[in-house]
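Asks: return atomic coordinates for the entry below.
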Amino acid sequence: ALITLKKGLQDVSHSKIKICLDAGHGSGDTGARGPTGKSEREITLDQVKKIGHRLKEKKFDVFYTRHGKFGPGLYERAPFAFQNKADLFISVHYNSAADGVNPYRIRGTETYYYNRPGKKLGEFLHPQIIKKTELKNGGLKYGDLAVCRNNAVPSILLELDYIIISSAEEQIQTEEFQDKD
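Replies: Numbering: from 1, shown residues only. You can find the predicted model right below:
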């Protein structure tokens, strides 16, 4: 999986670490679309299921904000993680670019946080994700994003790659990319 937590995380048993995985977008929001029309909503769900499966194999306690097209709304996701006693919240996305911006020039994996606990989680996971994706390091960045504004649960938002680039859209749908460990 693209996300692996090291065993020594405060010397806590993996089974005691509860991770909420959020497949970006959902319900009426399809997110960005790739050149073939594949939606971010679909691809993030596939990716999150793979990540969750691998984390469960490593004995982490994992739950999801959604299992299909529908799930909590944008502003309900952070409270959902808190209400379900998550220790970590990770939202997975694929990026797009504004009109007039060349996505090839800015392509990379980015991790966003809002507060200090999120930044610490991002500092821990971002280098691992860059190593596994083998994509350009787009950086660990502050972002005033709804899913990151969770003061009770360390939260990050990952932008793993640019879905609007045809070669990226093709790559991120492969088993090889989604299964990187």
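
Asks: mind listing what's buried in stretch 95-102?
Replies: Using 16 or more other CB atoms under 10 Å as the test for burial, stretch 95-102 gives 95, 96, 97. (C-beta placed from N, C-alpha, C; glycine too.)

Asks: among the residues you listed, which are in strands?
Replies: residue 95 (DSSP state E).

Asks: where does the chain have low pLDDT?
Replies: In the predicted model, the chain carries pLDDT under 70 at residues 1-13, 181.

Asks: in it, mark out all the strands, start to finish.
Replies: Assigned by DSSP E, the chain shows strands spanning 18-23, 61-64, 88-95, 109-113, 137-142, 155-162.

Asks: in CSV, list those along with distance to residue 127.
Replies: Below are those laid out as CSV (distance: least, CB to CB, whole Å):
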stretch, distance to residue 127
strand 18-23, 18
strand 61-64, 22
strand 88-95, 15
strand 109-113, 10
strand 137-142, 8
strand 155-162, 13
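
Asks: which residue packs closest to residue 179, ignoring adjacent ones?
Replies: Leaving aside its chain neighbours, residue 179 sits nearest to residue 50 (6.2 Å; criterion: CB to CB, 6 or more residues apart in numbering).

Asks: quickly note the distance from that neighbour to residue 80.
Replies: Distance, residue 50 to residue 80, using CB to CB, to the nearest Å: 21 Å.

Asks: related to what we said a few turns ago, for burial, what's the neighbour tally of the residue nearest to residue 179?
Replies: 18 (other CB atoms under 10 Å).

Asks: surely it touches residue 176?
Replies: No. In terms of CB atoms under 8 Å, residue 50 does not count as a neighbour of residue 176; the distance is 11.2 Å.

Asks: name the residue most distant from the centre of this structure?
Replies: What lies farthest from the middle of the chain is residue 100; by CA atoms, centre = their mean that is 25.9 Å.

Asks: quick one: contacts for the spatially most central residue of the chain?
Replies: Most central in the chain under CA atoms, centre = their mean is residue 92, positioned 2.2 Å from the mean C-alpha point. Listed by CB atoms under 8 Å, 6 or more residues apart in numbering, the contact partners of residue 92 are 21, 22, 23, 24, 44, 47, 48, 51, 158, 160.

Asks: which one of those residues is nearest to residue 131?
Replies: Within the contacts of residue 92, the smallest distance to residue 131 is 13.2 Å, found for residue 160 (CB to CB).

Asks: measure the closest one to residue 67 for me?
Replies: Going from residue 160 to residue 67 by CB to CB gives 20 Å.

Asks: when those two are compared, which one has more neighbours?
Replies: Ranked by neighbour count (other CB under 10 Å), residue 160 and residue 67 place residue 160 first, with 27 against 12.
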